[in-house]
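> Give me the fold of what follows.
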Amino acid sequence: MAPHGWDLWGDVSAKYSKDAIGDVEVIQDFAKFPAGGSTWRGREWPTIVDEGKVTSLNKMTAAFDNFMQQHDKTGNEKADGYSRDVFIGLEGTEKEIVFDLLVKELPFSVEWLFFLDADKALPVVKKEEERLKGDGYGNGYLLQEELVRFTGDLSYQDRMIEDYPAYTDSLKPLVVDAIGRTPANEATIEFFKRVILTEVNSSAVARAARRLLAALAVPRSTESEENVYSRIVGDLRNDSLDVKLRALKLLQPYEANLA
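Numbers count the residues shown, from 1 in each chain. Here you go, the predicted structure:
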């Protein structure tokens, strides 16, 4: 069977690239360089790197190549996300291309968008947060959490809490954790209590129980403290409302300390 066109030209390109040596000038449309197409990234560039005979290549940095390799991953490898080092050492046009690619991956890329260019990222993230607000499938909580972290604006914390009921069961535990990573205050304490008392999603309740104790700084340094901590968490997860209410009452002194 004759090879498909991509395989045929990919093999030809790889063989051609194998003989490249010294200073190499890459000719591509400006809109594509240095990202390139699938043949460049999948066959030509890896071959050039493996051979190690090219000394310079159109200003393409190792950081950009590492970014593109991670960007092009799929499945579980893609789910692992980016490593910080791929953003360090990017230059000029590379940064612009990377920024645009990260925008297309929002909300999951929001951390790296701020890391790459915080000032440029802020209006983009705010606009996307507004678009996703109230969407139970949209993972907008990721944007809201990062906006709280970057700006300190707790109105985005309030928006996370407001949006919580709309989320699907699979996302609710993640939203609880995200709210728990924002500053502890009266609003978050009351939110965790409400989840514990009214939520039917057992995983969300379990996370709310632990986040509540963390927000109240319930100690667990000694064996005795750990035993008390575990007992309270277990009671907060109990199906009995009375048991939950008794456990919450035990936490009142910690609430007083927080105030």
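> Let me know the secondary structure of the most centrally placed residue in the chain.
Centroid-nearest residue in the chain, with C-alpha atoms, centre = their mean: residue 108, separated by 4.5 Å. Classification of residue 108 by DSSP: H, G, I helix; E, B strand; the rest coil places it in coil.
> So it sits against residue 138, correct?
No: using C-beta atoms under 8 Å, residue 108 is not in contact with residue 138; the gap is 11.2 Å. Quick note: C-beta positions are derived from backbone N, CA and C, even for glycine.
> any idea how far the residue nearest to the centre of the chain is from residue 80?
12 Å (C-beta to C-beta, to the nearest Å).
> How about residue 80: what's its closest non-neighbour residue?
Distances taken as C-beta to C-beta, 6 or more residues apart in numbering put residue 73 closest to residue 80, at 7.8 Å, once the chain neighbours are dropped.
> Looks to me like the one you found is in a helix.
No: secondary structure of residue 73 (three-state DSSP): coil, not part of a helix.
> Now do it, the pLDDT please.
pLDDT for residue 73: 85.
> Dihedrals phi and psi, it?
Backbone torsions for residue 73, taken as degrees, to the nearest 10, come to phi -70, psi 160.
> How many neighbouring residues does it have?
Residue 73 has 13 neighbouring residues, counting by other C-beta atoms under 10 Å.
> Then residue 154?
Residues within reach of residue 154, counting by other C-beta under 10 Å, total 15.
> Dihedrals phi and psi, it?
Torsion angles, degrees, to the nearest 10, at residue 154: phi -80, psi 0.
> Residue 140 versus that one, what's the distance?
To residue 140, residue 154 is 16 Å away according to C-beta to C-beta.
> repeat for residue 183
Residue 183 sits at a distance of 19 Å from residue 140 (criterion: C-beta to C-beta).
> Which one of those two is surrounded by more residues?
More crowded of residue 183 and residue 140, by other C-beta under 10 Å: residue 140, with 26 against 12.
> what's stretch 107-120 in contact with?
For stretch 107-120, the surrounding residues in contact (C-beta atoms under 8 Å, 6 or more residues apart in numbering) are 81-82, 84, 87, 90, 95, 98-99, 102-103, 106, 121-122, 124-125, 128, 132, 138-140, 142-143, 146, 150.
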